[in-house]
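K.L.:
all I have is the shape, not the residue letters:
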C-alpha cells in the first residue's frame with residue numbers, strides 16, 4: 001500500500017504472494033483482502049479486490065485482512081481463519097495502528113464447541129425440543145454475547161491486578177501517616193457553655209420596668225427570663241435553660257423548667273458558697289396565661305439557637321481579601337440567577353470576572369464577591385441534556401449568603417423557552433419543528449457565550465482557577481440525600497449541581513470506596529466513600545441501579561481509587577471509631593485489606609451455594625421422561641376434556657354464581673313448587689307422558705334431561721296442549737346457560 005498505486009494491483013500482488021507460498025490455499029480465500037475505513041466502517045469504493053480501479057492516497061485508512069473458509073483439519077473437521085490489521089497510509093512509511101495489540105493465539109482466537117451443531121431429527125419429530133437442544137452452548141447461539149463475556153472477564157482481571165497494587169500503595173501511605181503522627185488525630189470540639197460569659201443585664205437599671213409580681217417575664221431583647229422566686233425576681237439567661245415542659249390537669253396547669261449546670265471541673269473553680277438550681281416548677285390556675293408563657297419561652301429558645309449558630313458561622317468564616325476591580329473591559333454574563341438566593345426571592349444579575357475574583361451584582365445592587373484563592377472547584381455544566389446552563393463554585397471556606405453560610409454558590413439561566421401563548425398558538429407539525437429549532441438555536445447561543453466567558457476567565461486568572469466539565473456519559477442515578485438524582489463525575493469530583501441540595505464530592509479526599517448490597521437478585525446497590533479525615537462522616541450514595549456497577553468500577557479504577565464490595569451494609573461509625581482508638585493495630589493488621597477479605601468470603605459463600613445447587617440439576621434421562629410424559633398427558637387431557645368441564649362447573653358453583661345460574665336455579669325452584677301443588681291436587685292423570693326439559697350448557701355443549709312435571713299438569717288458559725298424530729307431544733323448555 002503506497003500512495004499512487006492502484007488498489008487493484010495491491011490485490012494482485014497479494015494473491016500472487018499467496019500462490020507462491022501455498023497454491024492450495026487460493027481456493028479457500030475470500031474475494032477481497034480488506035477495505036477502507038472512512039465515514040463508514042466498510043467503504044465499498046476502497047475495497048481491496050480485483051475490480052477496484054481507485055488509487056491509494058496519503059492518510060487513507062485500510063483494514064487489511066486475509067481470510068480463508070472451509071479449511072479442514074487432519075480429522076476432517078472444518079474451521080475458518082482470519083488475520084487483520086489496521087493501516088494508515090503515509091508519505092514514506094505506513095502506520096500499523098494495531099501494532100501494540102497482543103498477537104497471542106489465546107487473545108485473538110475463539111472456537112465453537114461441538115454442542116453448537118444442529119440436533120438430529122427423526123421422522124416422528126413433532127416439533128418439540130430434544131435433549132441436544134437443551135445442551136446447546138450459549139457461545140454457539142450468540143457469538144457477540146460470548147465475546148462480551150470474554151471482554152468483561154479480561155477487564156475484571158486487569159481491574160483486580162490494579163486494585164492489588166492500589167492496596168499495597170494505600171498500606172504504605174497509612175504507615176507513613178502513622179509514623180508522621182498525623183494519623184487519626186481529631187480536633188476536639190468544645191460543646192460546653194461558658195457560664196461566666198452569659199450576662200443578661202449589666203446593672204439593675206437595665207431591668208424592664210413592666211415586671212409584675214408573681215409572674216414570669218420573657219425578655220426577647222436581652223434573651224432572658226425573669227422568674228418569681230420567694231417574693232423577689234430571679235434573672236436567668238435563656239442559654240442556661242435546658243428544657244421546658246407543661247402539664248394540665250383541667251383546673252390548673254404546671255410549668256417545669258430544667259437548667260443546665262456546670263460540669264464537676266468547673267464547679268471546683270467557682271465559689272464554694274454558690275448554689276445551683278436544677279429545676280423550677282410553677283403552678284397557676286390561669287391555664288391560658290401559662291400556656292402563652294410556655295410558647296414564649298419556646299420561641300425565645302429558638303431565637304437564641306439561631307443567634308448562637310450565626311455567631312458560630314461568623315467565627316468559622318475566614319475573611320476574604322478585597323476584590324481588585326478590573327478597570328478595562330472585563331468578561332461578563334448577564335441575566336443570571338443565583339442559588340442560594342440573597343434576599344429570599346429570585347433576582348437577576350450580572351456575573352463579572354475581575355483581577356482576582358468574580359463579582360455578582362443583582363438588579364437591587366446586592367453584591368457577592370468570590371475570590372480565586374477561595375475556590376476549591378469551579379464547574380461549568382453546559383445545557384446538554386439539562387434545562388439549565390450552570391457555572392458553579394465549591395468554596396474552601398464558606399460565605400454568608402443572606403443569613404446562612406454556604407460552601408456552594410451557583411449562577412445559572414434556563415436553556416428552554418420560558419413561556420408560550422396557548423390561546424393564539426398555531427397547530428401543526430411545522431410549528432412544533434420550528435419551536436424545537438428555536439430551542440436548539442438558543443442552546444447553541446448560550447453554550448457559546450458561557451464557553452467564551454469560561455475561556456476568558458481562565459486566561460485572566462492565570463492558572464489560579466480551572467473549570468471542570470462533567471462527563472455525562474459516565475453518569476449514574478443515585479440518592480446522596482433523599483431524592484434520586486443524576487450524578488456525573490468530573491476530573492476532580494463527583495457532582496450533582498442541577499437539583500438542590502447540591503452534592504460535590506472531592507475525589508482527592510476519598511480514602512476508599514466500598515460497594516454495599518451487591519448480590520444477585522437485587523436491582524440496586526449502595527456506594528460508600530470513606531474520607532481520609534476519619535473525623536468526617538462516611539458519604540453514602542444509595543439506590544444505584546445494578547446496570548451501572550461495572551461502569552462505576554471502571555471509573556474508580558481509572559482514577560486510582562481503591563474499592564471493595566460486600567453483600568451487607570456496614571456500621572461505618574463503629575468502624576471509624578475502632579480505627580481511631582487503635583490506629584497502629586489497624587495498620588499492622590493490613591489496613592483496609594479487611595474489606596477485600598470480606599469480599600472474598602462473600603464470593604466463597606456464593607460459590608458454595610452454587611455447588612450445593614448443582615445437586616438439583618436435571619439429568620438427560622429425566623428430561624426425556626418429562627418430554628414423553630408431556631406427550632401422553634396431552635392425549636389424556638383431550639380424552640378427559642368433558643370430565644374436566646363438569647369439575648370446573650362445580651368449582652364455579654362453590655366460588656359463586658352469575659345471573660344466568662341464579663335465574664336457572666330460581667326456575668328449578670318454581671317448577672318444584674308446581675310439582676308439590678300437583679301432588680296435593682291428586683297426582684298426574686293417566687296416559688300422560690312426562691315433560692322433558694333440556695338444559696344446554698355452552699361451556700361444554702352437553703345436555704341434561706330433567707323430568708320435573710307431567711304434560712297434563714301444564715295448562716295454558718285452562719286448555720290442554722295441542723296434540724299431533726293422535727299422541728301427546730311433550731313440551732320442551734330450553735334454558736341456555738352462558
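P.N.:
Alright, I've got the coordinates. These numbers come from a predicted model, not from an experiment.

K.L.:
got a list of what residue 548 touches?
P.N.:
The neighbourhood of residue 548, defined by C-beta atoms under 8 Å, 6 or more residues apart in numbering, consists of 476, 477. Placement of C-beta: from N, CA and C, glycine included.

K.L.:
looks to me like it is in a strand.
P.N.:
No - Residue 548 is assigned helix when assessed by DSSP: H, G, I helix; E, B strand; the rest coil, not a strand.

K.L.:
give me the pLDDT value at it.
P.N.:
The pLDDT attached to residue 548 in the predicted structure is 94.

K.L.:
for it, give its distance to residue 488.
P.N.:
Applying C-beta to C-beta, to the nearest Å, one obtains 12 Å for the distance of residue 548 from residue 488.

K.L.:
go on, residue 278?
P.N.:
Taking C-beta to C-beta, one finds residue 278 at 55 Å from residue 488.

K.L.:
can you check residue 450 too?
P.N.:
Between residue 450 and residue 488 the distance is 17 Å, computed by C-beta to C-beta.

K.L.:
then residue 74?
P.N.:
Separation of residue 74 from residue 488 (C-beta to C-beta): 57 Å.

K.L.:
same question for residue 211.
P.N.:
61 Å.

K.L.:
neighbour-wise, which of the two wins?
P.N.:
In terms of neighbours (other C-beta atoms under 10 Å), residue 488 is the more surrounded of residue 211 and residue 488; the figures are 22 against 13.

K.L.:
run through the bridge partners of that one.
P.N.:
residue 495 (DSSP bridges).

K.L.:
might one say that it is in contact with residue 477?
P.N.:
No - the pair residue 488 and residue 477 does not pass the contact test of C-beta atoms under 8 Å, sitting 10.6 Å apart.

K.L.:
output the contacting helices and strands for the longest strand along the chain.
P.N.:
Ranked by residue count under DSSP state E, the longest strand found in the chain is strand 388-401. Helices and strands in packing contact with strand 388-401 are listed as helix 287-316, strand 367-371, strand 375-381, strand 404-414, helix 429-461; criterion 3 or more C-beta pairs under 8 Å, 6 or more residues apart in numbering; DSSP states H and E.

K.L.:
contacts made by the shortest one with the rest, please.
P.N.:
The reference is to strand 367-371. Counting by C-beta under 8 Å, 6+ apart, strand 367-371 makes contact with 320-321, 323, 338, 342, 356-361, 393, 395, 399, 401, 409, all of which sit outside it.

K.L.:
got the buried residues for that strand?
P.N.:
368, 369, 370, 371 (16 or more other C-beta atoms under 10 Å).

K.L.:
distance check, the second one against residue 300.
P.N.:
With distances defined as C-beta to C-beta, the gap from residue 369 to residue 300 amounts to 35 Å.

K.L.:
point out where the stretch 401-550 of the chain drops to low pLDDT.
P.N.:
Applying pLDDT under 70 to the stretch 401-550 of the chain picks out residues 417-430.

K.L.:
and the stretch 1-150 of the chain, by the same measure?
P.N.:
Counting by pLDDT under 70, the ranges of the stretch 1-150 of the chain that qualify are 110-148.

K.L.:
if we go to 80?
P.N.:
By pLDDT under 80, the low-scoring segments of the stretch 1-150 of the chain are 74-77, 103-150.

K.L.:
how about the strands in it?
P.N.:
Per DSSP state E, counting those that start in this stretch, the stretch 1-150 of the chain carries strands over the ranges 34-36, 61-72, 78-88, 95-96.

K.L.:
just want the angle from the longest one to strand 78-88.
P.N.:
Interaxial angle of strand 61-72 relative to strand 78-88 (axes from the mean of the first three to the mean of the last three C-alpha atoms, to 10 degrees): 170 degrees.

K.L.:
who's in contact with strand 61-72?
P.N.:
By C-beta under 8 Å, 6+ apart, the surrounding residues in contact with strand 61-72 are 1, 14, 18, 25, 28-30, 33-38, 42, 46, 48, 78-89.

K.L.:
how about that strand: buried residues?
P.N.:
62, 63, 64, 65, 66, 67, 68.

K.L.:
cool, and stretch 223-233?
P.N.:
When neighbours are counted by 16+ other C-beta under 10 Å, the buried residues of stretch 223-233 are found to be 223, 224, 225, 226, 227, 228, 233.

K.L.:
same check on stretch 466-479?
P.N.:
Going by 16+ other C-beta under 10 Å, stretch 466-479 has these buried residues: 467, 468, 470, 474, 475, 476, 478, 479.

K.L.:
assign a three-state SS to residue 667, would you?
P.N.:
Using three-state DSSP, the three-state assignment for residue 667 comes out as helix.

K.L.:
what about it, distance to residue 678?
P.N.:
Residue 667 is 17 Å from residue 678, where distance means C-beta to C-beta.

K.L.:
and for residue 349?
P.N.:
Taken as C-beta to C-beta, the span from residue 349 to residue 678 is 101 Å.

K.L.:
would you map the strands across the stretch 201-350 of the chain?
P.N.:
Assigned by DSSP E, counting those that start in this stretch, the stretch 201-350 of the chain shows strands spanning 217-219, 224-229, 232-237, 241-248, 253-259, 279-284, 332-339, 348-353.

K.L.:
buried ones in stretch 502-522, by neighbour count?
P.N.:
Taking 16+ other C-beta under 10 Å as the neighbour-count basis, stretch 502-522 is seen to contain the buried residues 502-505, 507, 510-518.

K.L.:
now stretch 560-572
P.N.:
By 16+ other C-beta under 10 Å, the buried positions in stretch 560-572 come out as 561, 562, 563, 564, 565, 566, 567, 570, 572.

K.L.:
so for that stretch, mean pLDDT?
P.N.:
Mean predicted confidence for stretch 560-572 is 93.
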